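J.: Provided below for reference: sequence and predicted model.
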Amino acid sequence: MQGTRDVPRWARRALGTVGSLLVIAAIAGCETTTTGDDSEAATSGDAVKCGNVATDDCTPHVGSRQAVRVDALVWRVRSVETTPTIGDQQYGLGETANGVYLVADLSVTSRKNESATISDDVISLVVDGGNVYSPDSDGTFAAMTEGQDPLLLTDIGPDTTLSAPVVFDVPPKVLGKKLELRFSELGFGSTEGFIRLPALQ
């Protein structure tokens, strides 16, 4: 049997190169790309780089069908719609927007071990990462159905889920832009998370 010394040097180099390529290909085949469960987020260019839990080192931006957790509160967007008016206009119980009402039906689940008050500045609407809109209190109360409690300035207990609309009065021109709901930490914390809204007209 001939030893490796009898194999030409160029042949040994070629075999070594082929072996290296096979190892690289095997490693590449084992790599996977993880995306969120929301196909909308995956196709819209939203980078979900650190999951859906807000921390000091992570500000999640997720799709409209995903949840985001900020300060042990888990937020979801159940639906979103636009309308020029809210409530019963015939009997003067409704409200008319200065622009157009964006109505986001939200739910929030508390993972805290004690009750907490959802402050009125915890939810805001961000347009293209620039202009920020606060909830319209008159529109929000007009949009609630009988028996619903508002999400803002309401106490939420441990393992409790609340659902209610939050309304924003915005110029019609912003509806064609990228819109995100921003959920901030309770109190004086700085963590926050974003849920992308679906395209609106």
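T.: Done, it's in.

J.: Quick check: phi and psi on the residue nearest to residue 50 when sequence neighbours are not counted?
T.: Excluding the flanking residues, the one nearest residue 50 by Cβ to Cβ, 6 or more residues apart in numbering is residue 58, at 3.7 Å. In this view, the C-beta of every residue, glycine as well, is placed from N, C-alpha and C. Backbone geometry at residue 58, expressed as degrees, to the nearest 10, gives phi -140, psi 130.

J.: ok, now residue 52?
T.: Dihedral angles (degrees, to the nearest 10) for residue 52: phi -120, psi 20.

J.: what number of residues lie near it?
T.: Residues contacting residue 52 under the criterion other Cβ atoms under 10 Å number 22.

J.: what's the spacing between residue 171 and residue 197?
T.: 16 Å (Cβ to Cβ, to the nearest Å).

J.: okay, now the domains of this structure?
T.: Split into domains by automatic domain parsing, the chain comes to 1-32, 39-196.

J.: among the ones you listed, which gets the worst mean confidence?
T.: Mean pLDDT is lowest for domain 1-32 among the domains of the chain, at a mean of 43.

J.: quick one on the thing from earlier: most tightly packed of the domains of the chain?
T.: Among the domains of the chain, domain 39-196 has the highest mean neighbour count (mean count of other Cβ atoms under 10 Å), at a mean of 16.

J.: Quick check: residue 117 vs residue 150, distance?
T.: In terms of Cβ to Cβ, residue 117 sits 12 Å off from residue 150.

J.: now swap in residue 79 and tell me
T.: Counting by Cβ to Cβ - residue 79 and residue 150 are separated by 17 Å.

J.: Tell me where the protein has strands.
T.: In the chain, the strands defined using DSSP state E lie at 61-62, 68-70, 73-86, 95-110, 116-118, 123-127, 132-133, 154-156, 161-170, 179-184, 192-196.

J.: Let me have the ones you listed in a markdown table, adding distance to residue 53 as columns.
T.: Converted to a markdown table, the strands of the chain look like this (distance: least, Cβ to Cβ, whole Å):
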| stretch | distance to residue 53 |
| --- | --- |
| strand 61-62 | 10 |
| strand 68-70 | 5 |
| strand 73-86 | 9 |
| strand 95-110 | 13 |
| strand 116-118 | 17 |
| strand 123-127 | 18 |
| strand 132-133 | 23 |
| strand 154-156 | 18 |
| strand 161-170 | 18 |
| strand 179-184 | 12 |
| strand 192-196 | 8 |
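
J.: which one of those strands lies closest to residue 140?
T.: strand 161-170 (4.4 Å; Cβ to Cβ).

J.: between that closest one and strand 123-127, how many degrees?
T.: Orientation note: strand 161-170 sits at an angle of 40 degrees relative to strand 123-127 (axes from the mean of the first three to the mean of the last three Cα atoms, to 10 degrees).

J.: which residues sit against strand 161-170?
T.: Residues from elsewhere that reach strand 161-170 (Cβ atoms under 8 Å, 6 or more residues apart in numbering): 78, 86, 97-110, 123, 125, 127, 133-136, 139-140, 142-144, 148-152, 154, 156.
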